[in-house]
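Chemist: prediction below, plus the sequence it came from.
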Amino acid sequence: MNGQLVRLGEPSHVIREGQSAVEFRFEVAHGGLAATAEPPRAAKFNVAVSLVPADDGTSMSPSSFEVIDAYGKLIVSATSERMRAADIEAFSHSFSNQDLSFLKLKIIDGRKAPNRMYVGFVGLVPMLLARHIDPGVIRRQMGALLDNILATDRLNIDVASELTQLVSKKKFFKEFGIEKTPPGNSSRQAQSMSALWTMRDFNALEPEVLKTLVRRLVERRAEHEWAVIGPGLSFFGHPQRMRHYYFDGGAIETTLAEEHATSLTYMGAFASALEIFGNRIQYLGPLRDEPRVVQGAWDERVPALPVGIRGELTAEILTRERNSKINFQDWDGTPRVAALPDAVALWCEYFGIGDKIEVHDHGKLGRGVELQVDGFSRDLTQIGVGASQLLPILVASLAAEAGTIILIEQPELHLHPSVQSRLADFFLFARPDVRFIVETHSEYLVTRIRRRIAEEVTTPSHVEVMFAERVGGATQVRSLSLTAGGDFDEWPDGFFDAQEVDTRFIIRALAARVAKEES
């Protein structure tokens, strides 16, 4: 709710009046699903997550979760209804440092879910499935598996893992008087004392001792009634299978993962897409840093803010990336390749704030930026506020990786109207491989976009204008369609009409004055 990017206040501040939750809807395209779906277009699916105030009163947690495939079939459904607190306590105490929240599954793999099955989240990300398994079922499954291992003389890697976790080989060997193998001794009972159980250890045991080991493993495994599996996420750095279990997983978990492979695949694809999407977002706030001779040092803690939330790290980025070659375009849409400082300088020249940029190292104090104006180098305090407001936008945008989504609030602040107009050209042409989400009150910026559409330099499909207005005491946001001539299909009340209204009143006043003089 309140972090480095936003300060949203309390949960009640973001829930619309009359509603109990905030709902997020996602359309996810993931190539990894194509191999398991027919036809391949089924790789596109939809996810809905609702959030409600958490018990702590300061955060939000999921209250419902749905995954719907490309054909409208409900794959996964979970809600906060009829959850057993005792169940969650039974399998979740070992996750206390991961801030997980849980929902009860109603649908899994498109079918009714088992009665005691849950999905765990970190934020919006589904991280794991937990399912209660009756101890009797565990004994039967484990017994059958161990019988097969004994018959085939091949130790399953999952069973070896379970043995290592549940039965200490060192203690077991000591209990039955089995010693570590001495040099040159190949005794049937003498074995290595490494912690991991192997098939060699199995074969080394006398039949009665082996039966004791099997019974002990089955009973110890039956004490863990919860099987917990994850959708194979990289979120915790475990790309194949989650290993953050109440019990660290074995044969039963593998069987369960195979049973719910469809749901795990969808949830894993959603989590990966959400992570990728989040990593692509960068943000620049509206109140950018005032002009300074020296800017501050680097802050590694905020990767989403490469130039700082106020643009205070602009000089640092220019220094670090001074040799990076940037693929960009100029204001005519001509492709260019240049070092970052040179790319920034080219656009500075178009904006009329300078024709060359230099960065100077001031040691522990930080970095200083100077622009060359009419042949003279000047720091930002000698040029004006506009340059210090514009530079962070240029640097953040030109230095961004392809596919980045850049959020910028009120880029027009402290800029001359002509510069505001040219800023629209920058957003349209400089980085066609980057998406901009710009919050603005600038009529000049929007009018330049309309002009470029009318000139057929760009098209309405490349731009979307969203208008926020108060209706019935609530804020509504709607899209205003642009025509091929650069006009809007409709002009809402209060949408860039101040000049028109003032002009109308000026004309009326002049008309009244003329009429008065004539009379």
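Modeler: Everything's here; your move. Numbers count the residues shown, from 1 in each chain.

Chemist: mean confidence for the lengthiest helix in the chain?
Modeler: Longest helix in the chain, counting residues (DSSP state H): helix 498-518. For helix 498-518, mean pLDDT is 81.

Chemist: parallel or antiparallel, list what pairs with the lowest-mean-pLDDT helix or strand in the chain.
Modeler: The helix or strand of the chain with the lowest confidence, counting by mean pLDDT, DSSP states H and E, is strand 376-379 at a mean of 76. Partner strands and pairing direction for strand 376-379 (DSSP bridges) are strand 367-373 (antiparallel).

Chemist: now do the partner strand: everything it contacts.
Modeler: By C-beta atoms under 8 Å, 6 or more residues apart in numbering, the surrounding residues in contact with strand 367-373 are 292-295, 314-316, 318-319, 348, 353-362, 377-380, 383, 387, 391. Quick note: C-beta positions are derived from backbone N, CA and C, even for glycine.

Chemist: likewise stretch 352-360?
Modeler: Stretch 352-360 has contacts (C-beta under 8 Å, 6+ apart) with 315, 318-319, 322, 341, 344-345, 348-349, 367-373, 377, 383, 386-387, 390, 418-419.

Chemist: for the stretch 1-150 of the chain, what spans make up the helices?
Modeler: Ranges of helices in the stretch 1-150 of the chain, per DSSP state H, counting those that start in this stretch, are 85-92, 135-152.

Chemist: so for the helix or strand following the last one, what gets flagged as buried?
Modeler: Going down the chain from helix 135-152, the next helix or strand is helix 157-166, by DSSP states H and E. In terms of neighbour count (16 or more other C-beta atoms under 10 Å), helix 157-166 has its buried residues at Asp158, Val159, Ala160, Ser161, Glu162, Leu163, Thr164, Gln165, Leu166.

Chemist: just flag the most distant two among the residues you listed.
Modeler: The most widely separated members of those, counting by C-beta to C-beta, are Asp158 and Leu166 (12.1 Å).

Chemist: list the buried ones in stretch 330-337?
Modeler: Applying 16+ other C-beta under 10 Å to stretch 330-337 flags Asp330, Trp331 as buried.

Chemist: how far does that stretch stretch from start to finish?
Modeler: Stretch 330-337 has an end-to-end distance of 10 Å (C-alpha to C-alpha, to the nearest Å).

Chemist: quick one: distance of that stretch to the chain centre.
Modeler: Distance of stretch 330-337 from the chain centroid (C-alpha atoms, centre = their mean, to the nearest Å) equals 31 Å.

Chemist: what does that stretch rub up against?
Modeler: Under the contact criterion C-beta under 8 Å, 6+ apart, stretch 330-337 has outside partners 325-329, 343, 346-347, 350, 422, 425-426, 429-430, 457.

Chemist: with stretch 126-135 instead?
Modeler: Stretch 126-135 has contacts (C-beta under 8 Å, 6+ apart) with 65, 87, 91-92, 98, 100, 102, 105, 108, 114-121, 222-223, 225-231, 233, 235-236, 242, 244, 246, 252, 256, 260, 263-264, 267, 270-271.

Chemist: Leu407 should be in a strand, yeah?
Modeler: Yes - according to DSSP: H, G, I helix; E, B strand; the rest coil, Leu407 belongs to a strand.

Chemist: where in this structure is pLDDT low?
Modeler: 30-42, 93-98, 179-194, 231-249, 290-305, 363-365, 380-382, 497-498, 500 (pLDDT under 70).

Chemist: the stretch 201-350 of the chain: strands as residue ranges?
Modeler: Taking DSSP state E, counting those that start in this stretch as the test, the strands found in the stretch 201-350 of the chain are 226-229, 281-284, 325-329, 335-339.

Chemist: and the stretch 1-150 of the chain, by the same measure?
Modeler: Here the stretch 1-150 of the chain has its strands, by DSSP E, counting those that start in this stretch, at 22-29, 44-53, 60-68, 74-79, 101-108, 111-112, 117-122, 125-132.

Chemist: quick one, which of these is packed in tightest?
Modeler: Per residue and on average, the most neighbours among the strands of the stretch 1-150 of the chain fall to strand 125-132, with a mean of 24 (mean count of other C-beta atoms under 10 Å).

Chemist: ok and that strand relative to strand 44-53, angle-wise?
Modeler: Here the directions of strand 125-132 and strand 44-53 differ by 80 degrees (axes from the mean of the first three to the mean of the last three C-alpha atoms, to 10 degrees).

Chemist: neighbouring strands for strand 125-132, and are they parallel or not?
Modeler: Paired strands of strand 125-132, with direction, are strand 117-122 (antiparallel), strand 226-229 (antiparallel) (DSSP bridges).

Chemist: now the longest helix of the chain, how far from the centre of its chain.
Modeler: Relative to its parent chain, helix 498-518 has a centroid offset of 54 Å by C-alpha atoms, centre = their mean.

Chemist: fine, thanks again, bye for now.
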